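*Asks:* dropping the sequence and predicted coords here.
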Amino acid sequence: MLKQMIKNEIEKEKGLASKLVNISSLKSKSSLYKFLNETDREMDNFEGLLEMVRFLFSNREFEIMGSYLREVNPNGKTARISLEYATINRLNSLKKYMLEKLDASKNAESREWAKTYEIDQQVMDGQISPSDANILLEDLKLKSQEMKVLSKVFMIYNFFDLKMMDRCQQVGFLLEDSIDELSKYPFLKKSLRCRIGLINMYFGIREDGIRYGEHVIENAVSILTKATAYQAIGILYISESYEVAYSYLTKALEIYSEVNSNNIISTKQTINFLQNYWHKEPEYLDFKSQDIYSLHEVAFYFIQKKQHDKALEILNKIDRDDLKHFVKGFHYFYRGLISKRREDFLESLVHFKYANQKMFVHFPLLELKKLGEDELTLKVLQI
């Protein structure tokens, strides 16, 4: 289907074949036509194939690639790299289909890829815990360098979920050179660099987070990866610049809306937080919703309007015991804005840390600084 679609487009437009050679980084037009005319031939440069699809069929990438990848030889490189493509684009149906296909393959390397990605998928589906997944990953007798590296990347994500930040950083640092050596699969190399970059945004100082985020945006092989970096950088700019933060967040929202991502709601909530923070009128505020996030946003709105009684009325209706740490972080932050109590901001900070949301720790720390907390204590609390 895909090959015929590309041939149809070439027939419509003179000179398109040459243009596609440049876009895909193929060596010549003959290379392009061999790929298009030979049924079983695959493109060695997977990212080049993606660039062609995005150029010709920009709004249908996932549909077209999903159909094409289901038909490729499970013993080949394209089938293996499809697992990473499906993972970073959250194409669960495609991923599970390809896992089954590769697991039943006659090729040992393809089966090895399937086993490695399957463990990660089990964590994502809630079938096993991150700690159990790391045990399984350690026990794998992996032969390919790609899966040895990828298994460690999966372990980093599991360490992050387990709040083992030191292990995250330690393993991530050791992996940098190994990722650079993955020359056989350039798409995987770039994707893993971005995966590590996104994790690194949560460590260190704000400037480092922005630097890692910009690196991810420049090297992203998925628009969803790019959107994640846009959103994270937007958060890091909230306290510094309304205009810059809004620019990044709206770029993220544009991408999420384009692909109908589940992250649309969270991005709108972040924009509401930004606009409340800077005393702007929130674009997506819902005064009627009983959703906890919406209630918090409305409470923050009233706090910034100096209508503390209305804000407290909303906050007091919320059962704090049922809240997750991330939500509790905001809850106590809002209470602190009303009470001006050091204890509320400390409580907020603790819950953001429990939730591994270091990007948001910055906000209660700023308020503690306004209350006169000494610099040494603030540095200790930031760790």
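*Replies:* Thanks, I have the structure now.
*Asks:* list the contacts of the closest residue in space to Asn276 that isn't next to it in sequence.
*Replies:* Of all residues beyond its chain neighbours, the one nearest Asn276 is Phe300 (4.5 Å), with distances taken as C-beta to C-beta, 6 or more residues apart in numbering. Yep, even glycine has a C-beta here, placed from its N, CA and C like the rest. When the contact criterion is C-beta atoms under 8 Å, 6 or more residues apart in numbering, the partners of Phe300 are 272-273, 276-277, 311, 334, 337.
*Asks:* give the next helix or strand downstream of the helix or strand encompassing Phe300.
*Replies:* Here Phe300 is covered by helix 292-304, with elements defined by DSSP states H and E. Tracing the chain C-terminally past helix 292-304 and defining elements by DSSP H and E, one meets helix 308-317 next.
*Asks:* same question for the helix or strand hosting Val21: list its buried residues.
*Replies:* With elements delineated by DSSP H and E, Val21 resides in helix 16-24, which encompasses its position. By neighbour count on 16 or more other C-beta atoms under 10 Å, the buried set for helix 16-24 is 16-17, 20-21, 24.
*Asks:* run through who's touching that helix.
*Replies:* Identification of contacts with helix 16-24 by C-beta under 8 Å, 6+ apart yields 6, 9-10, 26-29, 31-33, 43, 45, 48-49, 51-52, 55-56.
*Asks:* narrow these to those that are buried.
*Replies:* Counted by 16+ other C-beta under 10 Å, the contacts of helix 16-24 give 6, 9-10, 26, 31-32, 43, 45, 48-49, 51-52, 56 as buried.
*Asks:* is it true that Ser183 touches Lys189?
*Replies:* Yes. A contact is recorded between Ser183 and Lys189 when judged using C-beta atoms under 8 Å, the distance being 7.4 Å.
*Asks:* ok, these two, which is more surrounded?
*Replies:* Set side by side, Ser183 and Lys189 give different neighbour counts by other C-beta atoms under 10 Å, the larger being at Lys189 (19 against 8).
*Asks:* what sits against that one?
*Replies:* With contact taken as C-beta under 8 Å, 6+ apart, Lys189 is in contact with 179-180, 182-183.
*Asks:* and Ala104, by the same measure?
*Replies:* If you count contacts by C-beta under 8 Å, 6+ apart, Ala104 has them with Pro74.
*Asks:* do you know the pLDDT at Gly204?
*Replies:* In the prediction, the pLDDT value recorded for Gly204 is 67.
*Asks:* same deal with the one 4 residues further on?
*Replies:* The per-residue pLDDT reported for Asp208 equals 88.
*Asks:* how far away is Ser31 from Arg41?
*Replies:* From Ser31 across to Arg41, the span is 10 Å (C-beta to C-beta, to the nearest Å).
*Asks:* my read is that His144 contacts Glu112, right?
*Replies:* To be clear, residue 144 is Ser; His isn't right here. Yes. Contact criterion C-beta under 8 Å: Ser144 and Glu112 qualify, at 5.9 Å.
*Asks:* Glu47 versus Glu84, what's the distance?
*Replies:* 11 Å.
*Asks:* find the residues that touch each one of these two.
*Replies:* When contacts are counted by C-beta under 8 Å, 6+ apart, Glu84 and Glu47 are jointly contacted by Phe187.
*Asks:* more neighbours, these two?
*Replies:* Under the criterion of other C-beta under 10 Å, the comparison of Glu84 against Glu47 puts Glu84 first, with 24 against 19.
*Asks:* isn't that one right next to Lys190, touching?
*Replies:* No. The pair formed by Glu84 and Lys190 falls short of the contact definition of C-beta under 8 Å, at 9.9 Å.
*Asks:* shared neighbours, these two?
*Replies:* The contact lists of Glu84 and Lys190 share no entry, where a contact means C-beta under 8 Å, 6+ apart.
*Asks:* still on that earlier bit, export the buried residues of helix 16-24 to CSV and append columns for pLDDT and distance to Lys369.
*Replies:* As requested, the buried residues of helix 16-24 are exported to CSV (pLDDT from 0 to 100; distance: C-beta to C-beta, whole Å):
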residue, pLDDT, distance to Lys369
Leu16, 93, 58
Ala17, 89, 61
Leu20, 93, 55
Val21, 89, 57
Ser24, 89, 52
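*Asks:* low-confidence ranges in this structure?
*Replies:* Under the criterion of pLDDT under 70, the regions of the chain flagged as low confidence span 204.
*Asks:* can you map out the strands along it?
*Replies:* Along the chain, no segments are classed as strands by DSSP state E.
*Asks:* name the nearest residue to the most centrally placed residue in it, sequence neighbours excluded.
*Replies:* Nearest to the centroid of the C-alpha atoms of the chain, with distances taken as C-alpha atoms, centre = their mean, sits Thr228, at 4.4 Å. For Thr228, the nearest residue in space outside its immediate sequence neighbours is Leu198; the separation is 6.1 Å by C-beta to C-beta, 6+ apart.
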